[in-house]
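Asks: Generate coordinates for the sequence data below:
(2 chains)
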Amino acid sequence: MKLELDNIMFRAGETTFHYNICLENGIIGIYGPSGAGKTTLMNLICDIQKPNTGQMLFNGKKLFDHTNKTNIPASKRNIGVVFQENNLFPHLNVKQNLLYSNRYQKNKKQAIEYPTVIELLELSDLSSKKPAFLSGGERQRVAIGRALLSQPELLLLDEPFSSLDKIRRKQIISYLLKINDLLGIPILIISHDLEDILKLTRNLTIIESGKVLDSGHYLDIADTGRASEIISHKRFINILDVYHQQYNPASGINTFTLNRDAADGMLATNSNDFINEDRQGKKVRISIYPDDIAISTTNIPLSSIQNQLEGKIKEIRCDRDTYYLYIDCGTLLVAEITRAAYEKLYIRTGMRIFCLIKAKAIDIIHVYEH
Amino acid sequence: MTPDEMSTIWLTLKVALISTFLTLPVSIGLAWILARRNIPGKPLIEAIISLPLVAPPVVTGYVLLLIFGRNGYIGNWLFDTWGIRFSFNFSALVLASMVVSLPLAVRTIRASFELIDPVYEQASQTLGIGKLRTFFRVSLPLAFPGVLSGMVLVFARSLGEFGATITLAGNIAGKTQTISLMIFSNMQIPGKEAEVMRLVVVSILISFLAIAASEFFIRKRKYLKT
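Replies: Numbering: from 1, shown residues only, chains lettered A, B, ... in the order given. Next up is the predicted model:
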């Protein structure tokens, strides 16, 4: 998938939006504060609003070109959209909503089928219900399923978590990772909640005042400082893809390795939503907050802390009285420490240290099927 | 009920049903355009549609007679080309009812379209469905309560239409005499109070049944309120 917005300009009253970006495969997060122009970007991509000038290409096909007056209508763009308020058709039940576009897809290759979506998003019990009788999370799942069944080449989600509580957010994040993992559909996710985006991807595009400020890996964006008002290390969250090794029923502890084959870099968590032995060897996405990682210069054998990962400090970033250590433990971890700790431990680049992480501080986001 | 009264009731119902049936697609189309499209001269179109609502019905009837009468601007051409006549006959009854009730239907249905969040229509289009299919599968079903209310209004207005009808179609017993016209005629004759009362009761009954039926269907589609 390749979506290119070349000098796309859109005027709304006195505000001018200007987008110049190239978005490619995987999951891409569009992040920016409220009113930055994220939803306008989405509207332009799916033809809800029409740009004044510029050119837009999707997989090499022209969606919009001001110079030769090309504008492919929304119905022919092959972009599945999940709106902020999900907008399920209230007069149709879940099954009818899901199969809404089905009868007009005869010429399209049915890569995603109804039973697959029902199973993937666990919708089988809801099929006869009307949207008014669904919870926020259920509605969001149906909206995602409906968009998937239109056989899109790109799935676009606008603030999919805004009306959901923490548990439902986690659930939807897991479903989205599952969609990308199993169906291979690229996802463009628009949100003003950085933490939720980072759980899905570290590939970000930052938007402010109707312009693209920066684009790339989260840490690179934080380092360049171009979007320093919006992105800083303070809001970072470590997302690791680890491998399940074993579950100990006696202690309730799950252990993971940082690499599939090597047994080094073990991590343990006692997360209650992961008590299943047949997940051995599976890839698991976990999150750890930088301020949940303590630093020690030596191993502490007699400690309640389950995880003590040895690593080497690659880089040190300072933001006022807070220090961010980029630590290579086989994977990159960012730890946050105070100036007092930094001075007490004589922290310097290249130093070997131990990252101390409590089992409780590790949160399981998603278990991959592959 | 006398045979004359029965035939008048049947004629009135026929006029009301046919007017409703013919006004409906026109008013749905106009209501959708006024609710969703920014076309040049929109206020003028709105004013023309609403005119029969505020103009005296006799004036509306007279204007219709000028336009669609045997020697009218359009009526003359219609008669010469197709042999169609819109004065002092059944067609005139239907035309008068349609013109007088159109603004009521357009206003009600338009309000219903305006209440639909455009995002439903946008969502449909992003799912690969074109604008026309979106209209029939999303906009129209969602505007259903308004369409039904509009239909009831057209039906009721047709039942009670008097001024434009008498001007365009006349008051010919057995041919263009509707319930309202028959009530009026009987009121002019002393001793016909019982006949008048019978027709009044029938009118109220038909109107009540129409409203009850529309309420029943609207309640069946409660999803818009939840």
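Asks: For chain A, list the residues in contact with chain B, please.
Replies: A:46-48, A:73-81, A:83, A:85, A:87, A:89-91, A:100-101, A:104-105, A:130-133, A:146-147, A:150-151 (Cβ under 8 Å from any Cβ of the partner chain). Where C-beta positions appear, they are placed from N, C-alpha and C, glycine not excepted.
Asks: Filter those down to just the ones in strands.
Replies: A:79, A:80, A:81 (DSSP state E).
Asks: ok, the residue nearest the centre of chain A to residue A:364 distance?
Replies: In chain A, the centroid-proximal residue (Cα atoms, centre = their mean) is residue A:200; its distance is 1.9 Å. Applying Cβ to Cβ, to the nearest Å, the value for residue A:200 to residue A:364 is 15 Å.
Asks: Run through the neighbouring helices and strands of the host helix or strand of residue B:214.
Replies: Assessed by DSSP states H and E, residue B:214 sits inside helix B:193-220. Under the contact criterion of 3 or more Cβ pairs under 8 Å, 6 or more residues apart in numbering or on different chains; DSSP states H and E, helix B:193-220 touches helix B:3-36, helix B:144-160, helix B:179-187.
Asks: which is the next helix or strand following the first one?
Replies: Looking back up the chat, that one is helix B:3-36. Counting by DSSP H and E, what follows helix B:3-36 is helix B:42-54.
Asks: separation between residue A:134 and residue A:156?
Replies: According to Cβ to Cβ, residue A:134 and residue A:156 sit 22 Å apart.
Asks: Those two - which one has more neighbours?
Replies: Between residue A:134 and residue A:156, residue A:156 has the larger neighbour count (other Cβ atoms under 10 Å in any protein chain shown), namely 25 against 18.
Asks: surely the more buried one meets residue A:79?
Replies: Yes - here residue A:156 reaches residue A:79: they are 5.6 Å apart, a contact under Cβ atoms under 8 Å.
Asks: Return every residue with contacts to both of those two.
Replies: Listed contacts common to residue A:156 and residue A:79 are A:45, A:46; contacts here mean Cβ atoms under 8 Å, 6 or more residues apart in numbering or on different chains.
Asks: re earlier: now the helix holding residue B:214: average pLDDT?
Replies: Helix B:193-220 carries an average pLDDT of 87.
Asks: what inclination does it have with respect to helix B:3-36?
Replies: 40 degrees (axes from the mean of the first three to the mean of the last three Cα atoms, to 10 degrees).
Asks: Give me the below-cutoff pLDDT ranges for chain A.
Replies: Within chain A, the segments meeting pLDDT under 70 span A:105-110, A:228-229, A:233-234, A:262-264, A:271-278, A:370.
Asks: ditto for chain B
Replies: Short version for chain B, where the test is pLDDT under 70: B:221-226.
Asks: Please list the residues of it that sit near chain A.
Replies: Looking at chain A, the residues of chain B close enough under Cβ under 8 Å from any Cβ are B:117, B:119-120, B:122-131, B:133, B:137-138, B:141-142, B:144, B:221, B:223-224, B:226.
Asks: let's see 7 Å
Replies: B:119-120, B:122-123, B:125-130, B:138, B:141-142, B:223-224, B:226 (Cβ under 7 Å from any Cβ of the partner chain).
Asks: these two touch, right, residue A:258 and residue A:283?
Replies: No - counting by Cβ atoms under 7 Å, residue A:258 stays clear of residue A:283, with 11.4 Å between them.
Asks: Just give me the neighbour total for the residue lying closest to residue A:126 once chain neighbours are set aside.
Replies: Distance criterion Cβ to Cβ, 6 or more residues apart in numbering or on different chains; nearest residue to residue A:126, sequence neighbours excluded, is residue A:94 at 4.6 Å. The number of residues packed near residue A:94 is 26, by other Cβ under 10 Å.
Asks: For residue A:94, give me its contacts.
Replies: Shown in contact with residue A:94 (Cβ atoms under 7 Å, 6 or more residues apart in numbering or on different chains): A:123, A:126, A:127, A:129, A:142.
Asks: was I right about the first one contacting residue A:145?
Replies: Yes - at 6.0 Å, residue A:123 and residue A:145 qualify as touching, with contact defined as Cβ under 7 Å.
Asks: neighbour count winner among the two?
Replies: More crowded of residue A:123 and residue A:145, by other Cβ under 10 Å: residue A:145, with 26 against 21.
Asks: OK, contacts around the more buried one?
Replies: A:98, A:117, A:121, A:123.
Asks: out of the residues you listed, which one sits closest to chain B?
Replies: residue A:98 (10.5 Å; Cβ to the nearest Cβ).
Asks: Now that closest one, what are its backbone angles?
Replies: Per-residue torsions, residue A:98: phi -60, psi -40 (degrees, to the nearest 10).
Asks: Hmm, residue A:148 and it touching each other?
Replies: No - checked against Cβ under 7 Å, the pair residue A:98 and residue A:148 is beyond contact range at 8.8 Å.
Asks: who touches both of the two?
Replies: Overlap of the contact sets of residue A:98 and residue A:148 (by Cβ under 7 Å, 6+ apart) consists of residue A:117.
Asks: sec struct for the residue nearest to residue A:259 when sequence neighbours are not counted, please.
Replies: Among residues not flanking residue A:259 along the chain, residue A:330 sits closest, at 6.3 Å (Cβ to Cβ, 6+ apart). At residue A:330 the chain is in coil, as set by DSSP: H, G, I helix; E, B strand; the rest coil.
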